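Q: Output the structure for:
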Amino acid sequence: MISAIGRLGELMGESGREPTSVNWAEAVERLGVQLPADFRELVERYGRVQYFGDLVVGAPSLRPGVPDGERFDGLYEFNKDIGEMLEVWYGWVPEFGRPYEPFPAKGGLLAWGSNTTCDYFCWDTSADDPSQWPVVVWRFGISEMNYFDGGMADFLAAVLTGEFPDAEELIDRSMSPEMWRSLSP
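A: Sure thing, here's the model as predicted:
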């Protein structure tokens, strides 16, 4: 089987934890969309991940005892909050226009991560196939959006290797010597 996370998995190595089985149909039920395969594989292999103590990839709740129907509530609420913030931000920066609508609008930004400097890592959900969703980095603090023509795993690999412009601004490597750690049980 070919890994959906490709080079990111090579950079991260073994997870040191048992893979987690997630009922991804619940994501469709709660969020209204299937999530990309690279995100699903990352979560199942590594759980909720934090890079260098800074950038966090969100995930459904993996705590034991949480009913399947509630596992995606946090991701849903996170995106609801991001949508409200995006609406306010568009009002503050009218010259920026409205290149993306908040999720759940078709083509809306669906956030999957954030960092300590209020950058939000999102998918542009315009394509019908989630594997074709590019990444948009909403740089809230400096009023810009950066587009990455690739999926989440390719984006994270580009940031971790310094290939993405502004990679050093997206992850403060001084916060932790560990490249990554799982925040999941």
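Q: how far does stretch 159-172 stretch from start to finish?
A: End-to-end distance for stretch 159-172, by Cα to Cα, to the nearest Å: 11 Å.
Q: Buried residues, that stretch. List them.
A: Of the residues in stretch 159-172, Val159, Leu160, Phe164, Glu169, Leu170, Ile171, Asp172 count as buried by neighbour count, 16 or more other Cβ atoms under 10 Å. For every residue, glycine as well, the C-beta is placed using N, CA and C.
Q: what does stretch 29-44 give?
A: 30-31, 33, 35-44.
Q: count of neighbours near Phe3?
A: Quick fix: residue 3 reads Ser, not Phe. Neighbourhood size, Ser3 [other Cβ atoms under 10 Å]: 14.
Q: residues contacting it?
A: By Cβ atoms under 8 Å, 6 or more residues apart in numbering, the residues touching Ser3 are Gly9, Glu41.
Q: tell me the SS of it?
A: Secondary structure state of Ser3, per DSSP: H, G, I helix; E, B strand; the rest coil, is coil.
Q: At which residues are the strands of this structure located?
A: Using DSSP state E, the strands found in the chain span residues 49-51, 55-57, 109-114, 119-124, 135-139, 144-148, 180-182.
Q: looking at those strands, which is closest to Arg17?
A: Evaluated over the strands of the chain, closeness to Arg17 peaks at strand 180-182, with 6.0 Å, by Cβ to Cβ.
Q: residues in contact with that closest one?
A: Met12, Ser15, Gly16, Arg17, Tyr46, Gly47, Arg48, Val49, Gln50, Tyr51, Phe52.
Q: Need the outlier residue of this structure, farthest from its centre.
A: Glu95 (26.6 Å; Cα atoms, centre = their mean).
Q: Can you add pLDDT and give the buried residues of stretch 29-44 back as TSV?
A: Output for these, formatted as TSV (pLDDT from 0 to 100):
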residue	pLDDT
Arg30	90
Leu31	92
Val33	93
Leu35	96
Pro36	97
Ala37	95
Asp38	96
Phe39	96
Arg40	95
Glu41	94
Leu42	95
Val43	94
Glu44	93
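Q: Now, the residues you listed that are in helices?
A: Among the buried residues of stretch 29-44, DSSP state H puts Arg30, Leu31, Ala37, Asp38, Phe39, Arg40, Glu41, Leu42, Val43, Glu44 in helices.
Q: could I get those as CSV with distance to Phe103?
A: Formatted as CSV, those follow (distance: Cβ to Cβ, whole Å):
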residue, distance to Phe103
Arg30, 12
Leu31, 8
Ala37, 19
Asp38, 18
Phe39, 14
Arg40, 18
Glu41, 22
Leu42, 19
Val43, 18
Glu44, 23
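Q: Looking at the residues you listed, which is nearest Gly150?
A: Set against Gly150, the nearest of these by Cβ to Cβ is Asp38 (9.7 Å).
Q: Good, wrapping up.
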